[in-house]
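In: build the 3D model from these lines:
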Amino acid sequence: MTTVKRRVLGTLVRQFGHPRGSTGQVVGWVMAHRRSNRERNRWVVGLLDVQPTDTVLEIGFGPGLAIAELARRAGHVHGIDRSDVMVRQASRRNRVAVAEGRVELVHASVDRLPRFDAPLDAVMAVNSVGFWPEPAQRLRELWGLLRPGGRIALASQPRCPGATRDTTDRAAGELRALLAGAGFAELRVETLELDPPVACVLGVRPR
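Out: Below is the predicted model of the structure:
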């Protein structure tokens, strides 16, 4: 790979992790319209088994695909994203639920979470844990925000060049270890057969 190609690839990876400016708007459009992204987000929301009385938090919601799915199922949906470009796109996509007060989207980082009025019933993050500062510490903080019996779902579909099932399996192992270290129990791994596969690691805060 040439130096120029490496630079271009590095720029794109950074944009997908934190979309900014006009390039970030294009990245958001790509994320919103890529079929695999839409399928992946619906699948993860389904695994969480969200109920009409649940209060749910999504970390790194991007263009708001999962937020829209959560809004159809949950009582209240919180979302944080460190990209103001994504906050604007997701707010437009979910403008009715936002206007009704059922969805609250905030420009914030996972290491500076806003206050929530009540314990959370579920937390999800799709392809964002790799961008978190000190993910082990962040997961311990999220453990404290969940009610006893609350659920968490962390999903990863590796996007590095040449990613394979082995890449996905390694990512799942890392996420599982992080959740176990933070005190989550009943850990299980589900796989969605895309290219490359998506792994979702689910856990529960013990009662």
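In: in a strand, Arg188, correct?
Out: Yes. Counting by DSSP: H, G, I helix; E, B strand; the rest coil, Arg188 is located in a strand.
In: which SS state does the residue lying closest to it once chain neighbours are set aside fall under?
Out: Closest residue to Arg188 apart from its sequence neighbours, by C-beta to C-beta, 6 or more residues apart in numbering: Leu202 at 5.4 Å. Where C-beta positions appear, they are placed from N, C-alpha and C, glycine not excepted. Classification of Leu202 by three-state DSSP places it in strand.
In: which residue ranges of this structure form strands?
Out: Secondary structure of the chain by DSSP state E: the strands cover 55-59, 76-81, 103-107, 120-126, 146-156, 185-192, 198-204.
In: make CSV from the ones you listed and add distance to Ala68, mean neighbour count and mean pLDDT to it.
Out: Formatted as CSV, the strands of the chain follow (distance: least, C-beta to C-beta, whole Å; neighbours: other C-beta atoms under 10 Å; pLDDT from 0 to 100):
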stretch, distance to Ala68, mean neighbour count, mean pLDDT
strand 55-59, 11, 25, 98
strand 76-81, 9, 25, 98
strand 103-107, 9, 18, 98
strand 120-126, 13, 24, 98
strand 146-156, 17, 21, 98
strand 185-192, 19, 14, 98
strand 198-204, 18, 24, 98
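In: I'd like these laid out as TSV, including distance to Arg95.
Out: Below are the strands of the chain laid out as TSV (distance: least, C-beta to C-beta, whole Å):
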stretch	distance to Arg95
strand 55-59	17
strand 76-81	14
strand 103-107	9
strand 120-126	21
strand 146-156	25
strand 185-192	29
strand 198-204	28
